[in-house]
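structure for this input, please:
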Amino acid sequence: MSTQSTPRNVSDTYHPPTEVETVVVISSLRRAVRNAPPHTKIVLAPGTYVENAPIVISQPGLTICASHEAVEEGRCGAYICSSFEFESPFFRITANSVTISDLEIHYNEARLQSCILIAEQSDARIDKCIISCPAGTGIVFSGDSRAHISQSTVKNCMTGIYAHENSTPTVERSAIFDCRDSCVRVFERGAGLFSENLLRGGGEACICAHGEASSTFRNNQLGPTQGCGIMIFDRSKACFDENEISGHHGNGIQAGDDAEPVVKNNKILGSQGTGIVLYGRARGLFVRNEVAQSQLACVAIRDEAEPFFSKNIMRDGCGSGLVLLEASSGIFDGNQMLGNAFAGIGLQDRAHGLFDHNVINNNQGYGVWVQDASTGTFQHNEISSNINAGVSVGNSAAPCMLENIIRDAPHIGIMLRDQATGEYKNNSIVNNKVTNILLRNTSCGTFVGNLVADSPGGGIVCRDSSAGAFSKNRFLENGRANIAVFESSRPCITDNIIIGSGFWITGNARGLLRRNWIRCQGLAGVRISGHAEPIMENNVIGESGVAGIVLEESASGSISQNVVCSSLDATVNLSLWWNDVSGGNLLPDRTGSDDSSSGSSGSSTCPKAKSKWRFLRSRGKSSKEKKEGGGGIVEGKGTKSRISDNLIHNASENAPGVQFSIPRLISAIGSVQGMSQDAVVFIKTPEDKGARIIGTPSPIRKKNMRQQLEEGTWQDTHQGKLFERSVIGGEAQAGG
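Numbers count the residues shown, from 1 in each chain. You can find the predicted model right below:
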């Protein structure tokens with residue numbers, strides 16, 4: 001090991017010693033470096049050193065530092081600057097084991113040059129230095145260099161630190177600020193680690209990573225800055241972990257042009273633009289980041305970008321939490337979108353993607369907003385307490401929504417409008433205050449297997465010219481109406497369970513109501529009014545307050561092959577009701593027996609069946625308590641419905657099977673007060689306030705009427721209604 005000689009001053013005519021020693025420089029650093037042997041320590045006395053030529057360090061083991069006395073005073077011990085512009089870097093380091101510490105280096109005249117260039121395979125260290133280069137770059141890493149920068153300040157540069165080619169620097173615990181381009185730029189195959197640094201005041205960005213750069217940035221503090229916090233583009237695969245971007249800045253992270261970064265555990269707070277922006281086919285992995293209080297969206301993805309987002313928080317943005325535009329897509333799993341001013345998730349301009357297990361709560365506009373021919377699959381998400389609507393779909397959008405919870409919106413659960421379509425399967429849509437589902441304009445969605453419950457305003461509201469298919473859903477205890485169809489809408493409603501409030505269709509509405517199980521504790525199971533003209537087939541309607549079916553005003557349509565009865569068993573195996581039995585209805589047995597039969601009545605209270613009817617016993621547990629229900633079909637003046645092949649069961653004196661408000665119909669049948677238990681038609685007149693039941697005038701007249709009705713030839717001369725082969729019977733007693 002070499003011995004160290006006594007320090008001595010070096011003049012302009014200095015000759016290097018024959019042994020390695022510590023040299024104190026009092027005049028020119030450049031000459032001292034040029035003449036120093038390897039492993040020399042050059043100590044600069046306090047003062048200013050003006051150099052008129054570049055300094056090249058090619059000797060290994062060289063150390064350049066300020067005097068110990070100057071460092072103890074808490075400042076850099078020597079100031080080194082250039083006297084004019086060079087055509088090369090101020091310092092060029094190519095050797096290994098070079099250390100520069102406790103110096104302030106200023107390269108004032110540089111033009112697109114650097115203050116310090118660390119090249120080739122150098123592993124130089126720069127510690128506790130202050131570096132500035134107003135017209136160029138503070139430190140450049142090139143070649144295969146692997147330098148180490150620690151506790152230094154790089155300021156007032158075009159670019160603070162620039163790593164390119166195959167360099168892998170380590171930059172830690174340093175401050176890099178007031179750079180007109182960027183604080184740190186990594187390019188080409190530049191890599192390395194940047195950790196625990198303070199980066200602020202970048203004109204374009206605090207960090208720029210592009211050109212396949214794969215550096216790691218960990219635990220840095222970014223901002224405030226004039227530009228973005230981080231820019232990633234041109235295939236870069238840089239990694240950003242546990243950084244914080246705060247203070248004034250434009251976009252927090254901006255990635256595009258096929259970039260594929262890894263962004264995890266970061267905080268991006270208060271962006272003046274968007275927290276994270278992805279564009280130009282960008283991909284990448286974004287995990288456990290918190291993006292908050294952005295002036296626009298927390299996260300915006302556009303222009304065919306396709307990232308993966310997992311376990312991120314996007315909250316309190318002035319726009320949306322997450323917005324996808326311009327055919328972008330991606331996978332979004334386990335994220336939280338909370339308290340944003342517009343939407344938790346927004347899709348527009350043909351965007352799509354997979355959204356799974358996200359929590360989308362308390363957004364001031366919408367939970368999910370899908371527009372402009374966008375699609376996407378939303379599954380297993382919790383969408384709750386979003387002000388305008390849990391889900392809003394419009395303008396030809398067609399999402400697929402599976403097994404989501406959509407609840408507690410002050411207004412609407414799911415809203416479709418403006419030619420929106422889509423599939424909505426097995427969702428829980430509950431307790432949305434105005435209505436659980438609203439279809440408007442010319443929207444037309446498919447709803448299968450959903451639970452639609454507990455809305456004070458209603459289960460489904462169809463308005464305008466909307467359509468839609470609703471199959472095998474459960475509508476439970478929604479206020480006003482479980483299903484309300486208005487204006488010119490025309491939904492197809494089949495194979496549903498409807499309990500609580502009933503079905504109301506009015507205006508000029510059309511639609512199909514088939515094979516539904518309606519248990520209504522309200523006034524009517526089905527209410528048809530206005531100029532509505534629905535088709536009702538093979539429905540089972542029971543426990544209505546006034547009647548199973550009420551027709552009012554100028555309503556018309558076709559009502560056929562339905563079962564209307566006063567008591568339904570909530571535990572019936574409903575698959576039996578939905579069997580396709582040609583030409584007839586399905587009626588459950590009320591005796592409680594576990595046996596099943598076909599071709600005969602399953603209850604002593606049911607009339608004998610014709611050959612076209614099939615009655616089935618329930619395989620579920622039957623209710624032992626018989627409930628008093630309403631009547632069967634109630635028609636108002638002016639209605640024009642075609643009513644055929646219905647079975648009305650358990651009608652009573654206070655709940656007639658078929659109720660009319662047409663006095664002239666009495667004269668067509670007769671006015672005898674008595675009626676036997678198996679009477680064909682019960683008629684209640686509007687004058688008869690005591691709800692007295694009027695029957696057929698004589699056995700002969702009754703027989704003729706029954707025969708005519710079964711043959712399809714009996715006609716109401718007043719309204720022209722035709723009741724074809726309807727079976728109407730029950731427990732009526734003789735009238736007074």
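
A helix includes Ala32, no?
Yes - looking at Ala32 with DSSP: H, G, I helix; E, B strand; the rest coil, it is inside a helix.

can I assume it is in contact with Val43?
No - between Ala32 and Val43 there is no contact under CB atoms under 8 Å: 9.7 Å. Where you see a C-beta, it was placed from the backbone N, CA and C, and this is true even at glycine.

joint contacts of the two?
23, 25 (CB atoms under 8 Å, 6 or more residues apart in numbering).

if you count what's nearby, which of those two comes out ahead?
The residue with more neighbours, out of Ala32 and Val43, is Ala32; 24 against 20, by other CB atoms under 10 Å.

what's the nearest residue to the more buried one if we skip its chain neighbours?
Val25 (4.6 Å; CB to CB, 6 or more residues apart in numbering).

what bridges to the one you found?
Counting by DSSP bridges, Val25 is bridged to Val10, Leu44.

that one contacts Gly47, correct?
No - shown here, Val25 and Gly47 do not form a contact pair, counting by CB under 8 Å, at 9.5 Å.

between the two, which one's more packed in?
Neighbour count, other CB under 10 Å: between Val25 and Gly47, Val25 has more, with 24 against 15.

so the most centrally placed residue in the chain versus Thr159, what's the distance?
Most central in the chain under CA atoms, centre = their mean is Ile345, positioned 4.1 Å from the mean C-alpha point. To Thr159, Ile345 is 37 Å away according to CB to CB, to the nearest Å.

for the residue nearest to Ala32, give me its contacts.
So Val25 contacts 10, 32, 42-45, 49 (CB under 8 Å, 6+ apart).

can I get those in JSON lines with distance to Cys520?
Output for the contacts of Val25, formatted as JSON lines (distance: CB to CB, whole Å):
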{"residue": "Val10", "distance to Cys520": "104"}
{"residue": "Ala32", "distance to Cys520": "99"}
{"residue": "Ile42", "distance to Cys520": "96"}
{"residue": "Val43", "distance to Cys520": "96"}
{"residue": "Leu44", "distance to Cys520": "95"}
{"residue": "Ala45", "distance to Cys520": "99"}
{"residue": "Tyr49", "distance to Cys520": "95"}
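
could you tell me which of these count as buried?
10, 32, 42-45, 49 (16 or more other CB atoms under 10 Å).

nearest to Glu487, of those?
Using CB to CB, Tyr49 is the member of the buried ones among the contacts of Val25 that lies nearest Glu487, at 86.8 Å.

so how far is Pro89 from that closest one?
In this structure, Tyr49 and Pro89 are 17 Å apart, going by CB to CB.

tell me if Val154 really is in a strand.
Yes - Val154 sits within a strand when classified using three-state DSSP.

nearest residue to it other than its sequence neighbours?
Counting by CB to CB, 6+ apart, Gly138 is the residue found nearest to Val154 once chain neighbours are left out, at 3.9 Å.

tell me the secondary structure for the one you found?
Following three-state DSSP, Gly138 is assigned to strand.

residues near it, how many?
The number of residues near Gly138, taken as other CB under 10 Å, comes to 30.

Ile100 too?
26.

Arg111 too?
Around Arg111 there are 10 residues (other CB under 10 Å).

the residue nearest to the centre of the chain should be in a strand, yeah?
Yes - per three-state DSSP, Ile345 lies within a strand segment.

could you give the bridge partners of it?
Beta-bridge partners of Ile345, as defined by DSSP bridges: Leu322, Val368.

tell me who's in contact with it.
320-324, 332, 337, 355, 358, 360, 367-369.

in terms of pLDDT, where does it sit?
Per-residue pLDDT puts Ile345 at 98.

cool, and Arg519?
87.

count of residues packed around it?
By other CB under 10 Å, 21 other residues sit near Arg519.

list phi and psi for it.
Here is the backbone geometry of Arg519 (degrees, to the nearest 10): phi -120, psi 100.

next one: it relative to Glu477, how far apart?
For Arg519 relative to Glu477 (CB to CB), the value is 11 Å.

need the overlap of contacts for the two.
In contact with both Arg519 and Glu477: 499-500, using CB under 8 Å, 6+ apart.

quick one: Cys208 from Ala343, how far?
Counting by CB to CB - Cys208 and Ala343 are separated by 31 Å.

hmm, I typed the wrong one, I wanted Ser246.
Ser246 is 24 Å from Ala343, by CB to CB.

so the two - more neighbours on which side?
In terms of neighbours (other CB under 10 Å), Ala343 is the more surrounded of Ser246 and Ala343; the figures are 29 against 18.

how close does that one sit to Ala453?
24 Å.

with Tyr162 instead?
The gap separating Tyr162 from Ala453 is 61 Å, by CB to CB.

between the two, which has more neighbouring residues?
Using other CB under 10 Å as the criterion, Tyr162 and Ala453 rank with Tyr162 on top: 25 against 21.

pLDDT score for that one?
The model's pLDDT for Tyr162 equals 96.

which residues of the stretch 101-250 of the chain fall in helices?
Along the stretch 101-250 of the chain, no segments are classed as helices by DSSP state H, counting those that start in this stretch.

go on, the chain?
29-35, 68-72, 664-669, 699-711 (DSSP state H).

could you tell me the least trusted of those helices?
helix 664-669 - the lowest mean pLDDT of those, at a mean of 30.

these two touch, right, Leu198 and Asn219?
No - the pair Leu198 / Asn219 is not scored as a contact, 11.0 Å apart, by CB under 8 Å.

shaky segments in the stretch 1-150 of the chain?
1-21, 69-75, 110, 112 (pLDDT under 70).

ok, now the chain?
1-21, 69-75, 110, 112, 521, 545-546, 566-736.

try it again at 80.
Residue ranges of the chain with pLDDT under 80: 1-26, 68-77, 83-87, 109-112, 520-523, 543-547, 565-736.

pull out the buried positions in stretch 99-115.
100-110, 113-115.

overlap in contacts, Val25 and Gly47.
What both Val25 and Gly47 touch, as defined by CB under 8 Å, 6+ apart, is an empty set.

need phi/psi at Asn496.
Taking degrees, to the nearest 10 as the convention, Asn496 sits at phi -100, psi 160.

count of neighbours near it?
Count around Asn496 with other CB under 10 Å applied: 29.

ok, it touching Arg514?
No - between Asn496 and Arg514 there is no contact under CB under 8 Å: 9.6 Å.
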